[in-house]
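Enquirer: Please work out how this folds:
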Amino acid sequence: MCPILRSISILLVTASTLCAADKPIPNRLIDYPGFLKGAKEVAALREKHRVTEDEFLRMAKDPATIIFDARSDAKYLLLHVKDAKHLSLPDITADELAKLIPDKQTRILIYCNNNFEKAPAAFPGKAVTTSLNIYTFNTLHGYGYTNVYELGPLLDVRTTKVPLVGTSEGDRP
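Expert: As a prediction, the model looks like this:
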């Protein structure tokens, strides 16, 4: 092939590739614009539903309230809030949530790695913009659970009033 035709051919392939990158790749099971819309809607509600340590403890005393932990199985086993129900975020589906929390009006208290410090094995810190609380709150809301409250502060596992239990002696208060 002559050099000019080769150059034109390369330009056409490059242009075709660039144009294809501008087209969304269809997948009816993934809706990023819907995620962004939902996150925007949830933002104001989430801010009103962040609670102090004392509010968390007061709400947790109500037997109808569920404390929910969406961390990994391994981290949950190491150390978690006493009486917390557990379902790892990647395992959350409508069916699994319905088994754990059948009534979508149930008050749910959530917490994550970024709520506790001084226990790096059980509660490794996440980047502040990727805190598990953010995903858990949005996910629960996306599945129709709207009575969700989030533990707000960063607490030291050695001094918190929130009761923690687990297998990790090194991380226990």
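Enquirer: Give the rounded mean pLDDT of stretch 121-135.
Expert: Mean per-residue pLDDT for stretch 121-135: 92.
Enquirer: Contacts for it next, please.
Expert: Contacting residues not belonging to stretch 121-135 are listed as 46, 70-71, 75, 78-80, 89, 110-117, 150-151, 157, 166, 168, 170-171 [C-beta atoms under 8 Å, 6 or more residues apart in numbering]. The way it works is simple: take the backbone N, C-alpha and C, and place the C-beta from them, glycine included.
Enquirer: switch the cut-off to 6 Å
Expert: Contacts of stretch 121-135 with the rest of the structure, by C-beta atoms under 6 Å, 6 or more residues apart in numbering, involve 75, 78-79, 112-114, 116, 150, 168, 171.
Enquirer: Same question for stretch 98-110.
Expert: By C-beta under 6 Å, 6+ apart, stretch 98-110 touches 56, 59-60, 65-68, 85, 87, 136, 144-145, 147-150.
Enquirer: Keep only those of these that are in strands.
Expert: Cross-referencing those against strands under DSSP state E gives 66-68, 85, 148-150.
Enquirer: Would you reformat those as TSV and include distance to residue 28 and pLDDT?
Expert: Formatted as TSV, the ones in strands among the contacts of stretch 98-110 follow (distance: C-beta to C-beta, whole Å; pLDDT from 0 to 100):
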residue	distance to residue 28	pLDDT
66	31	98
67	34	98
68	29	98
85	31	98
148	27	98
149	33	98
150	31	98
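Enquirer: Can you say which of those residues are buried?
Expert: Listed as buried from the ones in strands among the contacts of stretch 98-110 are 66-68, 148-150; burial here means 16 or more other C-beta atoms under 10 Å.
Enquirer: and residue 168, what is it in contact with?
Expert: By C-beta under 6 Å, 6+ apart, the residues touching residue 168 are 78-79, 121-122.
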